[in-house]
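1. Pasting the sequence and the predicted model now:
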Amino acid sequence: MTPVELSRTVLRAVRRAVDDGELSVTVPERAVVTEPGPGGCGDFATTIALQLARPAGQPALRVAEILRTRLAEAEGVRDVVVTGPGFLNISLAEEVDPVAGLVREIREKGTRYGYGDALAGQVVALRVPYEVRAEVVADAVVRLVATQGGRATVEHGEPVNLRPVPAPEDPAPLGPDAARWALLHPAPHDRPRITADHLIQRESNPLFRVRYAHARIRALSRNAARLGFFAEPGPVGLGDRCGAGPSGIRAPGAARPPGVSAQAAVDYFGTSADAGGRSLLGTLAHADAAPLTHPANTGAGPLAPPAPPTLADPVPLGPRASNPLVAEGVPTPLLTPLAAHPRVLAVAATRRAPDRLARHLVTVADAVLPLLPCVLPVGEEKPSAAHRARLALAEAAGTVLAGGLSLLGIDAPEHL
């Protein structure tokens with residue numbers, strides 16, 4: 001059962017409660033399900049009871065209990081627990097693997113994962129001024145509208161209905177990819193920064209983090225093929241070994257992978273002394289430039305004999321404080337942003353807001369980085385079903401990153 005399927009199950013429970021006369025509300029269009037927060041339990045949680053409490057005229061806990069009994073009867077649901085003011089925590093049946101289901105869906109749909117019909121049959125007329133940022137935003141909106149079954153046209157002149165804050169200077173010197181990111185990443189009402197920061201290969205640069213994560217995933221796929229295994233959805237097998245949740249991300253204070261120091265365990269960009277104080281870009285992104293000599297690899301060290309200096313020069317990364325997700329050692333769960341991708345595309349298209357997609361890609365990139373060191377076999381390990389499942393999960397994140405960058409008109413590099 002994927003998060004999307006679980007969301008539909010929640011809505012069916014609401015509809016049944018309305019039909020039975022226990023709730024007097026309008027059934028919402030969607031129910032958001034996420035990984036449980038602090039104090040929660042199970043595989044997923046939803047705030048639907050809190051959302052419906054006021055229109056239903058009942059306490060949130062009462063609404064949650066009404067929905068709990070119906071959700072507990074749904075196929076694929078093992079248990080439902082109400083916590084806090086009315087959070088519904090859902091545990092799936094043991095044979096149901098939410099990660100594998102979501103990964104299979106992404107692999108099946110490819111870069112079209114997340115496409116929907118929110119604007120099916122509609123024609124969205126965009127009228128923009130003759131200004132570079134407005135032109136770039138309009139181009140991205142045209143692509144986004146198409147993902148939802150609609151068609152957008154772009155015209156110039158008054159009255160304007162799409163007018164983002166203009167760029168303070170010509171972004172062309174940044175190059176096509178960095179220029180588009182500089183114009184699309186800020187919200188339309190924010191003034192874009194046209195600076196060389198968008199070109200710096202440091203963790204403080206969101207564009208670099210997104211492109212780096214994609215390139216690193218592609219490198220892992222190539223190196224896995226050299227080790228004789230390929231991606232296959234299934235249980236990622238990190239719960240016991242790395243203290244990870246269903247998305248393969250370690251929880252705070254959880255056990256770290258074998259052979260990885262405490263400092264390096266939360267150093268996803270390889271800037272610590274234990275990781276050699278150098279970017280993983282130098283040791284991994286170009287690791288497939290030469291044949292592998294051994295299968296023992298964590299992803300935090302060289303995968304091949306030293307490549308020519310021009311390929312593997314270390315790229316020092318910026319201060320860790322610039323990325324609170326890394327600085328605090330609490331990486332964003334991966335399953336939630338992957339499952340939210342269809343909703344993000346729909347919102348970005350209907351609200352003409354490509355900046356929402358850009359920020360979502362940063363979230364996905366930051367969430368997948370902690371998983372990558374556990375993809376390849378470590379030490380004397382042999383490639384197993386768990387390694388294949390982790391690779392499939394990583395590749396699913398890479399597919400989302402590639403598809404999102406394409407919609408923004410930005411290249412998703414195989415090498416970086």
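-> That came through fine. Predicted model only: the values in this text are computed from it and were never measured.
2. For the residue nearest in space to the middle of the chain, list the residues it contacts.
-> Residue closest to the average C-alpha location in the chain (CA atoms, centre = their mean): Val364, at 2.4 Å. Taking CB atoms under 8 Å, 6 or more residues apart in numbering, we find Val364 in contact with 210, 213, 334, 337-338, 341, 397, 400-401, 404. C-beta here means a position set from N, CA and C on the backbone, and glycine is covered the same way.
3. Could you tell me how far whichever strand or helix holds Asp355 lies from the centre of the chain?
-> If you go by DSSP states H and E, Asp355 is part of helix 354-368. Chain-centre distance of helix 354-368: 6 Å, with CA atoms, centre = their mean, to the nearest Å.
4. For the helix or strand where Ala219 lies, name the packing helices and strands.
-> Mapping Ala219 onto the secondary structure by DSSP H and E places it in helix 206-226. When contacts are defined as 3 or more CB pairs under 8 Å, 6 or more residues apart in numbering; DSSP states H and E, helix 206-226 packs onto helix 176-184, helix 354-368, helix 385-407.
5. Recalculate using a threshold of 10 Å.
-> Packing partners of helix 206-226 (3 or more CB pairs under 10 Å, 6 or more residues apart in numbering; DSSP states H and E): helix 176-184, helix 280, helix 354-368, helix 385-407.
6. so how far is it from its chain's centroid?
-> Here helix 206-226 shows a centroid-to-chain-centroid distance of 14 Å under the convention CA atoms, centre = their mean.
7. could I get stretch 138-152 in CSV with only the CA atoms?
-> Output in CSV follows, covering the C-alpha atoms of stretch 138-152 (Å, rounded to 0.1, in the frame of the first residue of the first chain):
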residue,chain,number,x,y,z
ALA,A,138,6.1,31.3,-17.5
ASP,A,139,8.1,28.7,-19.3
ALA,A,140,8.2,26.5,-16.1
VAL,A,141,4.5,27.0,-15.5
VAL,A,142,3.7,25.8,-19.0
ARG,A,143,5.6,22.6,-18.3
LEU,A,144,3.9,22.2,-14.9
VAL,A,145,0.4,22.8,-16.3
ALA,A,146,1.0,20.1,-18.8
THR,A,147,1.8,17.6,-16.0
GLN,A,148,-1.8,18.1,-14.8
GLY,A,149,-3.5,17.5,-18.1
GLY,A,150,-3.9,21.2,-19.0
ARG,A,151,-2.4,23.5,-21.6
ALA,A,152,-0.9,26.9,-21.0
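8. what does the average pLDDT come to for it?
-> Per-residue pLDDT over stretch 138-152 has a mean of 96.
9. buried set for it?
-> 138-148, 150, 152 (16 or more other CB atoms under 10 Å).
10. Helices of the protein, start to end?
-> Using DSSP state H, the helices found in the chain span residues 3-19, 48-56, 60-72, 98-109, 132-147, 176-184, 206-226, 262-265, 280, 309-312, 324-327, 335-350, 354-368, 385-407.
11. Including distance to Pro377, could those helices go into JSON lines?
-> Below are those laid out as JSON lines (distance: least, CB to CB, whole Å):
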{"stretch": "helix 3-19", "distance to Pro377": "29"}
{"stretch": "helix 48-56", "distance to Pro377": "42"}
{"stretch": "helix 60-72", "distance to Pro377": "39"}
{"stretch": "helix 98-109", "distance to Pro377": "20"}
{"stretch": "helix 132-147", "distance to Pro377": "37"}
{"stretch": "helix 176-184", "distance to Pro377": "34"}
{"stretch": "helix 206-226", "distance to Pro377": "9"}
{"stretch": "helix 262-265", "distance to Pro377": "18"}
{"stretch": "helix 280", "distance to Pro377": "17"}
{"stretch": "helix 309-312", "distance to Pro377": "22"}
{"stretch": "helix 324-327", "distance to Pro377": "25"}
{"stretch": "helix 335-350", "distance to Pro377": "23"}
{"stretch": "helix 354-368", "distance to Pro377": "19"}
{"stretch": "helix 385-407", "distance to Pro377": "6"}
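12. Point out the most buried one among the ones you listed.
-> Most buried of these by mean neighbour count (mean count of other CB atoms under 10 Å) is helix 280; its value is a mean of 27.
13. mind checking how far Gln51 is from Gly86?
-> In this view, Gln51 and Gly86 are 9 Å apart by CB to CB, to the nearest Å.
14. how about low-confidence regions in the stretch 301-416 of the chain?
-> Residues of the stretch 301-416 of the chain that meet the criterion pLDDT under 70 lie in 301-332.
15. at 90 instead, please
-> The stretch 301-416 of the chain contains residues with pLDDT under 90 at 301-336, 378-386, 415-416.
16. pLDDT on stretch 92-110, on average?
-> Model confidence over stretch 92-110 averages 84 on the pLDDT scale.
17. Export that stretch to CSV, keeping only CA atoms.
-> Presented in CSV, the C-alpha positions along stretch 92-110 are these (Å, rounded to 0.1, in the frame of the first residue of the first chain):
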residue,chain,number,x,y,z
LEU,A,92,0.1,-1.5,8.0
ALA,A,93,-0.2,-5.2,7.8
GLU,A,94,3.2,-7.0,7.9
GLU,A,95,2.8,-8.1,4.3
VAL,A,96,2.3,-4.5,3.2
ASP,A,97,5.6,-2.7,2.5
PRO,A,98,4.9,1.0,1.9
VAL,A,99,8.4,1.7,0.7
ALA,A,100,8.4,-1.1,-1.9
GLY,A,101,5.0,-0.1,-3.1
LEU,A,102,6.0,3.5,-3.6
VAL,A,103,9.3,2.6,-5.3
ARG,A,104,7.5,0.3,-7.7
GLU,A,105,5.1,3.1,-8.6
ILE,A,106,7.9,5.5,-9.3
ARG,A,107,9.9,2.9,-11.3
GLU,A,108,6.8,2.2,-13.4
LYS,A,109,6.0,5.8,-14.2
GLY,A,110,9.5,7.1,-14.4
